[in-house]
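Colleague: no sequence for this one, just the structure:
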């Protein structure tokens, strides 16, 4: 770098993932934000729609123009909706940019599976093949030097980090996995709908997309690789009356006798040296607020001898480790920087 | 009544005021709901949009047809947006219906003032003159037998019940009145907008419509009558992270020396025999949750000898006493029934 | 009754279950509340601690005196903590009162199992044998005429109503049952603790009592009876940032091929004629707010052909169907009244 | 500094102010936390009570021992309750420490006034005289080099920053000032009470300490100095269902004709060069969430020509600018560092 900062642009700056990228990148010592981009609001200051950025980001929003982005930046984050990224990313790559994509468009390797869950056309097959799935603690090695990184989904991040060590080790039966996942409302994005109306979701708890959530094939794809066999999971999503946070409560049948201490040991070893996964002591389980605003993923275990099952609790902040934070973690890995560069913020508590 | 129930219809059944009318009218012993009406969703069961009414209201929504309403009902509640009622109510009256209007269209007696605050055309002047403003505890006598009742706004209800006795008695200086009002999000209705997005208003507190709220002229009109002089108020509205509830915190300069006990005595006398206004003991101030789901308005006082001012706290449930509950109270008064008929539900706590 | 109302007393009136009993019993046409009782606050009006009851309940709180209660009342609800009821109920029965107990003390038939989960001494065995477990829609027939009714726990109510028809019919494998349960904070009672501190649980989601919740043996006892074999379940409880509501998300392996329509048919038949269980249409799942403040239990299904599992969603208001409402339902059944007498309140929405 | 970091200790590390000091100081480039101190929990890791600090702060909590603190640290923050600081601070000063006190004990210069509001004995008069009141943007010059800094209260910070420029300029009548203040629940601290019980304050809005809040004399003391005359204010505090945030809605009579643009100009000039006060554009008013987690104070204005009054809206995060953030800002000023060192975190949104 020879003292010069890497220039980054953010497409989709006016979504929740976009403003969270801004919050962290502003404190990143090796990066400079040179363009904040919005397809809908270009030409006005971002603080018009996000007054919390008053006097912090004073530049106007740019429009979506790959050539212009390439002039201004070296790396671009695409925090765009699924379907949009699939079309935009090839242009950005052609313009010579390194791309970290936060949509789901490049996560599913098999275009047919993508289309059956996402209900629209998959990106071109060569790009699906080229994209590196950036679940930092698992596939971080592959991210290094990649030109196109596909940032994992929020639910898959919490879920996979909580399951992979036990699946890899063969300690749980992959066919028995049931995932009961809960998310805060920000996961639905900033678009307005009855589902996100305060009076409808405050003091309420509801399920949605029963057995149809597009994160299912993503979870199965990665778990299958970890298990060395095809894995099919039951996965249920709940909307909870909070803004941020995901908890995956995961159930699986233990293949042999193992204690909570055994699991803690296994997981601590698996995640050794990784700054953002914290394995809790026996008898302690993480709550979502304990990672609020931070890039941590906290994991705890309860073994039930009566049923022979383990319950694994994994929590993240859906906008940070589940989106913007992990995207920056991937940038750090791709650039060969310290993994936690710019991400060393403690959780905001209470 | 000779055993026969009065038939009522509800236009705007798919708004929050509409479903709250349904909740109370279902338990009203002298009333039968014969038609639930929606301009946007006619032909489908109301439980499609409001699953909490599954097996409770099984009839389909009707469209807005005054002749048909008149065939089915004797009385109609119009829980329609401002602007819509102004045009619809004349047709309903012509069809022979008694109308209780929950929009703001018939509250302001002076059409010009209406237009300067509501920013659209006022209803015809004769109807403005005919409409009885139904602030039950104050103007209830005039409601009896009325054909067109204009139900007060939510903020004006809490505010006026809290101020009128002191203004009438000349104990406070009307020119000094400042009203700091706070509302839950349901007051904004069921329409979707960024303002009502859960992630935007949860863990947030914001002001809106500074000095421009259309409830200002309504408050001033009624206070001016109570004071016998023109009253102008400062009135600020806040959106708070809760679904229901309004609190008006009201400040005024005392004209002479008076204690909290004096005020309590004055107010208890003024509201004697009225079942829905509760004046708190000295040293106790009402909280919004203490009237949640009920038709009560609770009022408390704090006199500050240091400043010579009184602070008056008045709370209601904005959808009940501030809308549907008071509308039914007005129906009861108009029909000569007990004021609290069908309204005797305790607050839901916690 | 020949016009005379049954006199009821409430022990534990200053807990959340107690004030909810008051809310419903005030509207019950066949009942009169003659004594509200509190061990800690006797001699003062209940509205001191619960201002929402101002002018609604004006009588002072009585102390806990079985003889006095028997003078004043025919039936007593004991909304007392576990451990307290076990000692008090025998005295109340001896004094000639009919008792409906809302603590957990008389739910577990086997005293040893009780002690291993509740961690204190079980009530005397003959009373455990005498007590009728009042899960109204399942054991309602046995409640008729009973002198001691043990009201089910909140989690067991939601869970058992959601599972029993499928278990009884042999459609699901009892050994596969996993219950992921979520509750609002009121379930923890009115006592203060760090767990119920607003700043700790707002914007938070946490698990508690992992594999140690005292409702586990209650669920297993009833399910075992329904299955005709010993059933052991995995049951996890979550605290969610809302005041009221329980959702049980339940997972089980289907024994054969069956559709959502099949399940809906089975459940509707099983609960035919019962006013408070609502089985949702295919593709619709209940949310907790859709039963808020009411005695309903709403149930929905999702069959996943990929995994051969069914997910069952069951929601209740924990203080109503999970406590006070079902207790009154049991009173109605015990007295031979209409099951829904005094309970016909619609959910409060939004 | 010659490369060496200043060593700081935090007394009261297990309160909300204490953990927030930790969050910011961990990212402060010129400071090292050498001791976290708690009178109640010494000897255990802080992460036992605050699991969000797992692997972030691993040292054990120390007890309160001034000599030991002086060995470990150069500067100490006392985030202790009022009454405790008054006794502890003299010992810390004697031990040679620089003290930044977050309790209210050293804010009121007149011991008698202190005692009449705080209801316990005032600290010794010479220390009251010595303590510098650290409202950074107003009295920051005096803080430089001070040995004992008294950090302002949360309400006074929001209120005074919103009022002082207009009072100093003589644009508003000081006798007319009415402050309607709202706070999140964290302001009540981590101690448990019915007032902070989730089920009691969720979906609720309540007033407290009517005309008796100990922040009143603090506000009046500073305003009187700004006005050059004795100022008495009406000040009401509300508890709102959110964790963080304070909004002061302030009303005052304008002495002459002035526009929102005039006020904006006046305030921008007054706060020129100060990084943490943001004056909003005309027609834009700040919401509490727009400063959540950050050290900003955002201010907006609404002039009402009808009443001749101005409404001033000022918001802060009560734990940051209202406590820990401003305390660090005072440290920076006292040390001659950049005012925003270690404090440059953007608000967390949403």
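Modeller: Arrived safely. Values in this document were obtained by computation on a predicted structure and should not be read as measured data.
Colleague: how about stretch A:306-324 and chain C, touching?
Modeller: Yes. With C-beta under 8 Å from any C-beta of the partner chain as the criterion, chain C is reached by stretch A:306-324 at A:306, A:307, A:309, A:311, A:313, A:315. Yep, even glycine has a C-beta here, placed from its N, CA and C like the rest.
Colleague: among those residues, which ones are buried?
Modeller: By the neighbour-count criterion of 16 or more other C-beta atoms under 10 Å in any protein chain shown, the residues of stretch A:306-324 next to chain C include these buried positions: A:307, A:309, A:311, A:313, A:315.
Colleague: does the last one touch residue A:287 like I think?
Modeller: To tie it back to what came earlier, the one meant is residue A:315. Yes. With contact defined as C-beta atoms under 8 Å, residue A:315 and residue A:287 form a contacting pair (6.7 Å).
Colleague: what touches both of the two?
Modeller: Common neighbours of residue A:315 and residue A:287 are listed as A:247, C:205 (criterion: C-beta atoms under 8 Å, 6 or more residues apart in numbering or on different chains).
Colleague: next SSE after the strand or helix carrying residue A:235?
Modeller: Element membership of residue A:235, judged by DSSP states H and E, is strand A:234-239. Scanning the chain past strand A:234-239 towards its C-terminal end, the next helix or strand to appear is strand A:246-253 (assignment: DSSP H and E).
Colleague: relative to strand C:234-239, how tilted is that following strand?
Modeller: For strand A:246-253 and strand C:234-239, the angle between their directions (axes from the mean of the first three to the mean of the last three C-alpha atoms, to 10 degrees) works out to 170 degrees.
Colleague: ok, and what's touching whatever helix or strand comes next after strand A:246-253?
Modeller: Downstream of strand A:246-253, the first helix or strand assigned by DSSP H and E is helix A:260-270. Residues from elsewhere that reach helix A:260-270 (C-beta under 8 Å, 6+ apart): A:164-166, A:168-169, A:171, A:277, A:279-283, A:299, A:301-303, A:310.
Colleague: swap in 7 Å and give it another go.
Modeller: Contacts of helix A:260-270 from elsewhere in the structure, counted by C-beta atoms under 7 Å, 6 or more residues apart in numbering or on different chains, are A:165, A:166, A:169, A:279, A:282, A:299, A:301, A:302, A:303, A:310.
Colleague: how about it: buried residues?
Modeller: Within helix A:260-270, the residues scored as buried using 16+ other C-beta under 10 Å are A:260, A:262, A:263, A:264, A:266, A:267, A:270.
Colleague: what mean pLDDT does that helix get?
Modeller: Per-region confidence: helix A:260-270 scores 98 on mean pLDDT.
Colleague: same question, stretch A:201-215
Modeller: Stretch A:201-215 comes out with an average pLDDT of 97.
Colleague: how about the residues of the stretch 1-150 of chain A near chain D?
Modeller: A:16, A:19, A:23, A:26, A:27, A:50, A:51, A:52, A:54, A:55, A:56 (C-beta under 7 Å from any C-beta of the partner chain).
Colleague: mind listing which of those residues are in helices?
Modeller: In helices, defined here by DSSP state H, the members of the residues of the stretch 1-150 of chain A next to chain D are A:16, A:19, A:23.
Colleague: quick one, helices of the stretch 251-350 of chain A?
Modeller: Along the stretch 251-350 of chain A, the stretches classed as helices by DSSP state H, counting those that start in this stretch are A:260-270, A:325-335.
Colleague: how near is residue A:238 to residue C:296?
Modeller: Note on residue A:238: its distance to residue C:296, by C-beta to C-beta, to the nearest Å, is 20 Å.
Colleague: ok so, going back, tell me the strands beside the strand holding residue A:235, with direction?
Modeller: According to DSSP bridges, the neighbouring strands of strand A:234-239, each with its direction, are strand A:178-183 (parallel), strand A:206-208 (antiparallel).
Colleague: thinking again about what came up before, closest one to chain B out of the residues of stretch A:306-324 next to chain C, please.
Modeller: Nearest to chain B, judged by C-beta to the nearest C-beta, of the residues of stretch A:306-324 next to chain C is residue A:315 at 18.2 Å.
Colleague: about what we covered before: now the strands paired with strand A:234-239 in a markdown table, with mean neighbour count and distance to residue D:323?
Modeller: What follows is the strands paired with strand A:234-239, written out as a markdown table (neighbours: other C-beta atoms under 10 Å in any protein chain shown; distance: least, C-beta to C-beta, whole Å):
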| stretch | mean neighbour count | distance to residue D:323 |
| --- | --- | --- |
| strand A:178-183 | 26 | 31 |
| strand A:206-208 | 19 | 37 |
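Colleague: can you redo the ones you listed as TSV with distance to residue B:84?
Modeller: Listed next are the strands paired with strand A:234-239 as TSV, based on distance: least, C-beta to C-beta, whole Å:
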stretch	distance to residue B:84
strand A:178-183	37
strand A:206-208	31
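Colleague: for residue B:114, find the nearest of these.
Modeller: Taking C-beta to C-beta as the criterion, residue B:114 comes closest to strand A:206-208 out of those, the separation being 40.5 Å.
Colleague: hmm, who's touching the helix or strand that the closest one is followed by?
Modeller: Sequence-wise, the next helix or strand downstream of strand A:206-208 (DSSP H and E) is helix A:215-227. Outside helix A:215-227, the residues that touch it by C-beta under 7 Å, 6+ apart are A:107-109, A:113, A:117, A:135, A:153, A:155-156, A:159-160, A:163-164, A:167-168, A:174, A:230-233, A:235.
Colleague: how is chain A divided into domains?
Modeller: A:6-130, A:155-317 (automatic domain parsing).
Colleague: mean neighbour count, the ones you listed: which tops it?
Modeller: Each of the domains of chain A was given a mean neighbour count from mean count of other C-beta atoms under 10 Å in any protein chain shown, and the largest, a mean of 22, is that of domain A:155-317.
Colleague: so residue A:187 touches residue A:154, yeah?
Modeller: Yes. Applying C-beta atoms under 7 Å as the test, residue A:187 and residue A:154 come out as touching, 5.9 Å apart.
Colleague: shared neighbours of these two, which are they?
Modeller: residue A:318.
Colleague: want to try CSV for the domains of chain A, with distance to residue B:199 as columns?
Modeller: CSV is the format used below for those (distance: least, C-beta to C-beta, whole Å):
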stretch, distance to residue B:199
domain A:6-130, 7
domain A:155-317, 4
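Colleague: among those, which comes closest to residue A:334?
Modeller: Going by C-beta to C-beta, the one of these nearest residue A:334 is domain A:6-130, 7.0 Å.
Colleague: the closest one and chain C in contact?
Modeller: No. Shown here: domain A:6-130 not in contact with chain C (C-beta under 7 Å from any C-beta), separated by at least 11.6 Å.
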